[in-house]
Structure formats: structure tokens, C-alpha cells
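1. no sequence on this one, just coordinates:
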């Protein structure tokens with residue numbers, strides 16, 4: 001991220017000058033893409049057919065309230081419809097939550113860091129003061145995060161599993177944390193990678209939202225359901241919070257094709273979860289392979305792996321590009337490797353074995 005270059009004006013909010021800015025860029029079609037936590041497979045035939053049918057209705061506005069999708073989610077999750085809100089991916093819903101909670105200059109948003117890169121961006125857009133709590137051993141330090149919650153803290157985000165480290169918060173520690181957060185502060189459990197979790201001690205956020213009105217759960221169709229390009233996600237929260245989300249939504253923001261595709265994906269969930277299981281198997285194989293080469297790889301419950309390489313991160317990413325695969329380098333921090341097809345993952349292992357500049361030690 002770079003400075004926005006915004007110089008301000010009498011009619012524009014000064015907070016916009018603090019917004020982190022992503023420079024325009026692209027990716028080489030010659031490289032296998034393992035940098036954005038996407039699924040490696042295109043939509044199943046039934047989902048693709050739903051998209052083709054939806055295209056015939058592109059001259060009509062979509063259902064503003066995504067009613068059919070909301071009904072399907074309510075039945076599947078066993079929650080009331082009034083506790084649901086749809087949006088343009090979980091990141092769009094997070095923006096709506098920030099709009100709903102940050103009211104005055106000096107209001108705070110707290111989250112662990114390193115975590116999802118959209119958090120500082122969206123917080124700055126909302127005009128919030130940010131409190132970033134460093135990870136401890138690549139995991140959330142929930143005690144420190146709870147300590148950071150003050151009178152002006154409007155919202156706290158817990159990314160579970162955490163992006164980019166893949167590490168998780170366990171049930172007992174989350175419960176202790178939630179007990180410490182005052183009811184005036186909204187806790188957002190960002191569960192974009194929930195479907196990849198296999199550790200039974202990693203809590204399902206829906207367990208906690210049911211009896212805690214200040215807990216909201218975010219999920220997405222972008223990852224396990226393979227609809228990243230369509231931008232559709234949902235939130236589960238107490239009725240007043242869900243109503244605020246719907247009030248702050250861009251009208252007709254979730255497109256008709258996105259709604260139809262999400263419905264079709266729910267109907268073919270068994271097939272999609274087979275794909276998830278394949279990625280989970282690859283997660284273990286690639287983790288074992290990297291560790292055998294001497295790399296330190298924390299246990300991941302997501303569809304990506306994290307290598308804490310520090311100053312060697314850019315060199316490692318360059319070695320992967322040389323091998324034909326694109327990974328995500330965080331300069332000075334580490335490298336996030338999305339799990340792809342076995343042959344794509346093999347390219348990463350091959351690059352790791354020969355990456356002298358990024359060799360462990």
C-alpha cells in the first residue's frame with residue numbers, strides 16, 4: 001500500500017487523506033495465481049447455468065433485499081431472516097458496519113495486526129482511530145486486544161481464521177474475550193474461511209451471536225463457494241445490527257447474477273465441500289513439505305499457508321514467480337501462499353527447495 005496522494009479540499013473529509021491506497025497493478029496470465037486466496041476451480045455446471053440464466057435478466061434491477069437468498073440462508077443456518085443481511089462480500093458488510101458504528105472523530109476500531117489488509121483501509125474511510133494489536137506467535141493476542149478496548153472503541157474485529165497467518169482463536173479464549181468486551185462495543189467475527197476449519201476447538205461464531213447482542217458474524221461466498229468475482233457475502237447479527245446493515249447498504253448492491261449463483265452454490269454445497277476437502281488435504285501435504293525443507297509454517301485452518309520470512313519475503317516470492325506461480329509477499333513480514341491444484345502447489349515446493357535467497361535459517 002502507498003500514500004493516497006490526496007491533498008484535500010474544503011468540501012472533502014480530511015480523513016480521506018489517511019486512507020491507504022493500493023497502486024493499480026495486474027497479474028501475469030502466464031503465472032499460476034496463488035496470491036489471492038481464490039479457489040482453483042471454476043463454478044460447477046449448475047452454478048454456471050444459473051449465471052447464464054441470470055444474464056438474460058441483466059436489464060432488470062436485482063431484488064434489493066436478496067429475499068430468496070436470505071430465506072435459503074435462514075433455513076440453512078437456523079436463524080431468523082431479520083438476523084441476516086447480504087452485501088458485496090464480507091468486506092462490503094464490514095464497511096457497512098463501520099458506517100453504522102463510527103460516529104465521531106476519535107471513535108476507535110481495534111483489531112489484531114498483521115491481519116486482513118482491508119481493515120486499516122475501511123477504518124480510515126470511516127474516519128476511525130485505529131488500534132492495531134500485534135500478533136503473538138502468529139496468533140491473536142486476545143488479552144491484549146481486550147485491554148485495548150476503551151470508552152471510545154466502537155468496534156473490534158476478530159479474524160478467525162486469521163488472514164494472512166491462517167491461525168485461529170480457540171473456543172475458551174474467545175469466550176473469555178467476549179466476557180471482557182463491554183456491551184457498548186460491537187465485536188465482529190470475520191469468518192471468511194470458516195468452511196476450511198477442521199479443528200473442533202475453533203468456535204463457530206453463530207454459537208456466540210445467539211446470546212450476545214454485540215456479536216456479528218461475517219461470511220462470504222468468495223472462498224469455499226468459489227464466487228470471488230461476483231461479490232456476495234452475508235452477516236448474521238442481532239436484529240438491530242442486521243437492520244443497520246441493510247440501512248447502510250448500497251441499493252441493489254448485490255447483483256442478480258450474484259444472488260442466483262449463491263443460491264445455486266448452496267444447492268450444490270456437497271460438491272463444493274468435496275473441493276474444500278481436497279484443499280484441506282493439500283494444506284497438510286504442502287505444510288509437511290515446507291516444514292521438511294526447514295521452513296517454519298504455523299498450522300493453518302484456512303486455504304492458505306503463511307511463511308514468516310521477514311526480509312527474505314520478496315526474494316521467496318520472486319523464486320516462486322521464476323517457477324511459474326504467483327504468491328503474495330508482505331515485504332519485511334512474510335509470504336502467504338494460497339493452496340491450489342496439486343501441480344500448482346508442487347511449483348511452490350520446488351521453488352522453496354531452490355530459493356537460496358529465502359532459505360530458512
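-> Now that the structure is in, tell me what you want to look at. Remember, it's a predicted structure, so these values are computed and weren't measured experimentally.

2. output the below-cut-off pLDDT ranges for this structure.
-> Low-confidence segments of the chain (pLDDT under 70): 1-9, 18, 20-29, 356-361.

3. at 80 instead, please
-> 1-30, 356-361 (pLDDT under 80).

4. now the residue nearest to the spatial centre of the chain: which helix or strand?
-> Geometric centre of the chain, nearest residue: residue 192, 4.5 Å, by C-alpha atoms, centre = their mean. Assigned by DSSP states H and E, residue 192 falls within no helix or strand.

5. verify the contact between it and residue 225 for me.
-> No: using C-beta atoms under 8 Å, residue 192 is not in contact with residue 225, being 11.0 Å away. Every residue, glycine included, has its C-beta placed from N, CA and C.

6. so where do the helices sit in the stretch 201-350 of the chain?
-> With DSSP state H, counting those that start in this stretch, the ranges of helices along the stretch 201-350 of the chain come out as 206-209, 239-248, 256-267, 269-292, 313-323, 342-354.

7. what's the closest of those helices to residue 52?
-> In terms of C-beta to C-beta, the element of the helices of the stretch 201-350 of the chain nearest to residue 52 is helix 256-267, at 9.3 Å.

8. quick revisit: how about the residue nearest to the centre of the chain, what does it touch?
-> 90, 159, 163, 218-220, 222-223, 233 (C-beta atoms under 8 Å, 6 or more residues apart in numbering).

9. and those, which is closest to residue 329?
-> Distances from residue 329 to the contacts of residue 192, taken by C-beta to C-beta, are shortest for residue 163, at 14.7 Å.

10. name the nearest residue to the closest one, ignoring sequence neighbours.
-> Of all residues not flanking residue 163 in the chain, residue 116 sits nearest, at 4.7 Å (C-beta to C-beta, 6 or more residues apart in numbering).

11. wait, the one you found touches residue 159, no?
-> Yes: if you go by C-beta under 8 Å, residue 116 and residue 159 touch, sitting 5.5 Å apart.

12. how near is residue 189 to residue 42?
-> Residue 189 sits 30 Å away from residue 42 when distances are taken as C-beta to C-beta, to the nearest Å.

13. ranges for the helices of the stretch 51-200 of the chain?
-> Taking DSSP H, counting those that start in this stretch, the helices of the stretch 51-200 of the chain run over residues 67-77, 89-101, 118-126, 142-148, 171-180.

14. using a markdown table, lay out the ones you listed together with distance to residue 246 and mean neighbour count.
-> Below are the helices of the stretch 51-200 of the chain laid out as a markdown table (distance: least, C-beta to C-beta, whole Å; neighbours: other C-beta atoms under 10 Å):
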| stretch | distance to residue 246 | mean neighbour count |
| --- | --- | --- |
| helix 67-77 | 10 | 16 |
| helix 89-101 | 8 | 23 |
| helix 118-126 | 18 | 22 |
| helix 142-148 | 28 | 17 |
| helix 171-180 | 25 | 15 |
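
15. to residue 341, which of the ones you listed lies closest?
-> Shortest distance between residue 341 and the helices of the stretch 51-200 of the chain, using C-beta to C-beta, is found for helix 89-101: 23.8 Å.

16. any idea how far that closest one is from the chain center?
-> 13 Å (C-alpha atoms, centre = their mean, to the nearest Å).

17. and of the contacts of residue 192, the nearest to residue 283?
-> residue 223 (13.3 Å).

18. OK, contacts around the closest one?
-> Residue 223 neighbours (C-beta under 8 Å, 6+ apart): 37-39, 192-193, 195-196, 303.

19. residue 339 contacts residue 304, correct?
-> Yes: counting by C-beta under 8 Å, residue 304 is a contact partner of residue 339 at 6.2 Å.

20. now, of the helices of the stretch 201-350 of the chain, which is deepest in the fold?
-> Of the helices of the stretch 201-350 of the chain, the one with the most neighbours on average (mean count of other C-beta atoms under 10 Å) is helix 256-267, at a mean of 22.

21. that helix vs helix 67-77, what angle?
-> 20 degrees (axes from the mean of the first three to the mean of the last three C-alpha atoms, to 10 degrees).

22. what helices and strands are in contact with helix 256-267?
-> Helix 256-267 sits against helix 45-55, helix 67-77, with contacts defined as 3 or more C-beta pairs under 8 Å, 6 or more residues apart in numbering; DSSP states H and E.

23. what's next to the last one, contact-wise?
-> The one in question is helix 67-77. Taking C-beta under 8 Å, 6+ apart as the rule, helix 67-77 contacts 79-81, 83-84, 86, 206, 232, 234, 236, 254, 259, 262-263, 266.

24. please repeat the previous calculation with a cut-off of 6 Å.
-> Here helix 67-77 makes contact (C-beta atoms under 6 Å, 6 or more residues apart in numbering) with 81, 84, 234, 259, 262-263, 266.
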